[in-house]
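In: Dropping the sequence and predicted coords here.
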Amino acid sequence: MSADMTGPAPPAPPVPPAQPAPPARPAPPAPAVRSEPPALAPDFQALRACWHPVGFSSQFADGPARVVLLGEPIVIWRDSAGAPHALRDLCIHRGTALSLGRVVGDRLMCPYHGWQYGADGICRLIPQLADPTRIPGKARVSAYRCREAFGLIWVAMEPPRWELPDVPELDSSEWITVPCGPFTWNADASRQLENFTDFGHFPWVHPGLLGDPERPVVPDYSVATDGHVLSYDIVRPEAPNSHDFPVFANQAVQTPERRSRYRLQLPYTIVLRLGWGGEAGMVYFFASQPISEDRCAGYVLIARNYDPDQPPEVLQEFERTIFEQDRRVVESQRPERVPFDLAAEMHLTFDAVAINYRTAMRDQGLARRLSPRPGAI
């Protein structure tokens, strides 16, 4: 018998043990959503307890007029004696704008249903009732303090913390006063105020009018803060008196100097007294109206004791030119609202006004910390 040549099958080679899978790499952490620390901005609730200009007196000579202050519509109207009053511009009945109505004696009448409101905001007459004087207690609107001073109408939405500054030159027969403005900007009122008193920009934004690019250095000065009032004096170089706008009392020499005394009253008012070493002087009164968070209106009154025959249009056109040069720059600033955190912007020694202003606004409780954006850490 033949042998089985095939024989048994050789054993299969051993299977190498399975290698463990490499450990999975941990997923990279999701990037954190970060934002800048919440900044300080003007506090509209606190600003209600301050006087604010809402227009020149002449703007309210022809019946009720609507203004906006701190984001709230207000109607300004005069009673039979000419005294100004301020009410919320909204009839409690159907929400009609009272500024569309008319004055009846010492009351403001709604144009929709004829309801009549007194200066205290209480409705005094509802013509649709059998007894039109039987007024429900709810029939009233908010009334605000209102006064007339310096040729402007002022409103305080809550009892004001401070009085308006004293500016006797504006009431003196020896000084000629010229109103200028209003200058309405898409900017925060603090931005407009800081620009008015910023010494470093004059040679670059107003060359030949307020500054000389050949002499850009800001002289040393100091700021004294007394509660809500900042005081500072400076003698600074300026451009020779312009042939187009001969509004200042300095001589047209090569290196004129202006002596300026500033009194800045929180939140948005400045009294500036100018002198050139002689008897001639000029007073600038500036106040900004915070219409909304990113919109304001500046009012200027200029008094001087020289050039009595110069037409007011010369000064008014000069101010229009200056404010328009400023407007395009200030409206470009970011953030739109002045950041009252000093670390939010870079400051140098010639920015002492801005540093002290922002500090005072914070110390007086007129600035608040913004809430962080949703999702920010």
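Out: Nice, I can see it.

In: average pLDDT across the biggest strand by length in the chain?
Out: Scanning the chain for the strand with the most residues, using DSSP state E, yields strand 281-292. Taken as a whole, strand 281-292 has a mean pLDDT of 97.

In: swap in stretch 211-228?
Out: Stretch 211-228 comes out with an average pLDDT of 91.

In: List the buried residues of it.
Out: 211-212, 218, 221, 223, 225, 228 (16 or more other Cβ atoms under 10 Å). The C-beta positions use only the backbone N, C-alpha and C, and glycine is treated the same way.

In: Tell me which of the residues you listed fall in strands.
Out: Judged by DSSP E, the subset of those located in strands is T225.

In: Between all of the buried residues of stretch 211-228, which two are separated the most?
Out: The two members of the buried residues of stretch 211-228 with the most space between them (Cβ to Cβ) are D212 and H228, at 33.7 Å.

In: coming back round to it: given the longest strand of the chain, what are its sheet partners and their directions?
Out: strand 269-275 (antiparallel), strand 295-304 (antiparallel) (DSSP bridges).

In: how about these, which one is nearest Y262?
Out: The stretch from those with the least distance to Y262 (Cβ to Cβ) is strand 269-275; that distance is 5.4 Å.

In: CA atoms only for the closest one, dumped as PDB, please.
Out: What follows is the C-alpha trace of strand 269-275 in PDB, where atoms were taken according to Å, rounded to 0.1, in the frame of the first residue of the first chain:
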ATOM      1  CA  THR A 269     -21.900 122.800  30.100                       C
ATOM      2  CA  ILE A 270     -18.800 125.000  29.600                       C
ATOM      3  CA  VAL A 271     -18.200 128.700  30.300                       C
ATOM      4  CA  LEU A 272     -15.100 129.900  28.500                       C
ATOM      5  CA  ARG A 273     -13.700 133.400  29.000                       C
ATOM      6  CA  LEU A 274     -11.200 134.600  26.500                       C
ATOM      7  CA  GLY A 275      -8.700 137.500  26.700                       C
END
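
In: List of residues touching that strand?
Out: For strand 269-275, the surrounding residues in contact (Cβ atoms under 8 Å, 6 or more residues apart in numbering) are 164-165, 167, 193, 196-197, 248, 258-265, 281-288.

In: cutoff 6 Å now
Out: The contact list for strand 269-275, computed with Cβ atoms under 6 Å, 6 or more residues apart in numbering, reads 165, 167, 196, 258-264, 281-287.

In: returning to what we had before: pick the one among the buried residues of stretch 211-228 closest to M157.
Out: The nearest one, if we look at the buried residues of stretch 211-228 relative to M157 and count by Cβ to Cβ, is H228, at 17.4 Å.

In: ok so, going back, take the strands paired with strand 281-292 and lay them out in a markdown table including mean neighbour count and mean pLDDT.
Out: Converted to a markdown table, the strands paired with strand 281-292 look like this (neighbours: other Cβ atoms under 10 Å; pLDDT from 0 to 100):
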| stretch | mean neighbour count | mean pLDDT |
| --- | --- | --- |
| strand 269-275 | 19 | 95 |
| strand 295-304 | 22 | 98 |
